[in-house]
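> make a model of this:
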Amino acid sequence: MEHIIITTADKVQISLWKVTGSNPVIASTATHIFMTHGTFSDKRICLGLAH
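Modelled structure (predicted):
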């Protein structure tokens, strides 16, 4: 899991978590993207949804 912070042109920071599976074959070929807001959740909740 990798934490990535992106700063937009208007100086807003967006926090991203890159989550990869334990199987390297699947992890290297998977192209799924899961996006969610963090208004009523945190990383723990969102990781449960991602898995």
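> in the chain, where is pLDDT below threshold?
21-31, 38-40, 50-51 (pLDDT under 70).
> need the helices for it, in chain order.
According to DSSP state H, the chain carries its helices in the segments 24-29, 43-50.
> which residues are in contact with the longest one?
Outside of helix 43-50, the residues within contact range by Cβ atoms under 8 Å, 6 or more residues apart in numbering are 17, 19, 34, 36, 38. To be clear about C-beta, it is placed using only N, CA and C from the backbone, and glycine gets the same treatment.
> what is the nearest of the residues you listed to residue 4?
Within these, proximity to residue 4 (Cβ to Cβ) peaks at residue 17, which comes in at 7.4 Å.
> how far away is that closest one from residue 7?
With distances defined as Cβ to Cβ, to the nearest Å, the gap from residue 17 to residue 7 amounts to 16 Å.
> more neighbours: which of these two?
Of the pair residue 17 and residue 7, residue 17 is the one with more neighbours under other Cβ atoms under 10 Å, namely 13 against 9.
> next, the contact list for the more buried one, please.
Residues counted as contacts of residue 17 (Cβ under 8 Å, 6+ apart) are 1, 2, 3, 4, 43, 46, 47.
> count the residues that sit near the fifth one.
It refers to residue 43. Based on other Cβ under 10 Å, the number of other residues close to residue 43 is 14.
> and what of the first one?
In terms of burial, residue 1 registers 9 neighbours under the definition other Cβ under 10 Å.
> okay, buried residues for stretch 34-51 please.
Across stretch 34-51, burial judged by 16 or more other Cβ atoms under 10 Å covers residue 46.
> using PDB, write out the CA atom coordinates for it.
Taking only C-alpha atoms (Å, rounded to 0.1, in the frame of the first residue of the first chain), the coordinates of stretch 34-51 have been written out as PDB:
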ATOM      1  CA  PHE A  34     -12.100   2.600  -6.900                       C
ATOM      2  CA  MET A  35     -12.800   6.200  -5.900                       C
ATOM      3  CA  THR A  36     -14.700   7.400  -2.800                       C
ATOM      4  CA  HIS A  37     -15.000  10.600  -0.800                       C
ATOM      5  CA  GLY A  38     -13.900  10.600   2.800                       C
ATOM      6  CA  THR A  39     -16.700  12.700   4.200                       C
ATOM      7  CA  PHE A  40     -18.200  10.000   6.400                       C
ATOM      8  CA  SER A  41     -15.500   7.400   6.200                       C
ATOM      9  CA  ASP A  42     -11.800   6.900   6.700                       C
ATOM     10  CA  LYS A  43      -9.000   4.800   5.200                       C
ATOM     11  CA  ARG A  44     -10.000   1.700   7.200                       C
ATOM     12  CA  ILE A  45     -13.600   1.700   5.800                       C
ATOM     13  CA  CYS A  46     -12.500   2.400   2.200                       C
ATOM     14  CA  LEU A  47      -9.900  -0.300   2.300                       C
ATOM     15  CA  GLY A  48     -12.600  -2.800   3.300                       C
ATOM     16  CA  LEU A  49     -14.600  -1.700   0.300                       C
ATOM     17  CA  ALA A  50     -11.600  -1.900  -2.000                       C
ATOM     18  CA  HIS A  51     -10.700  -5.500  -1.000                       C
END
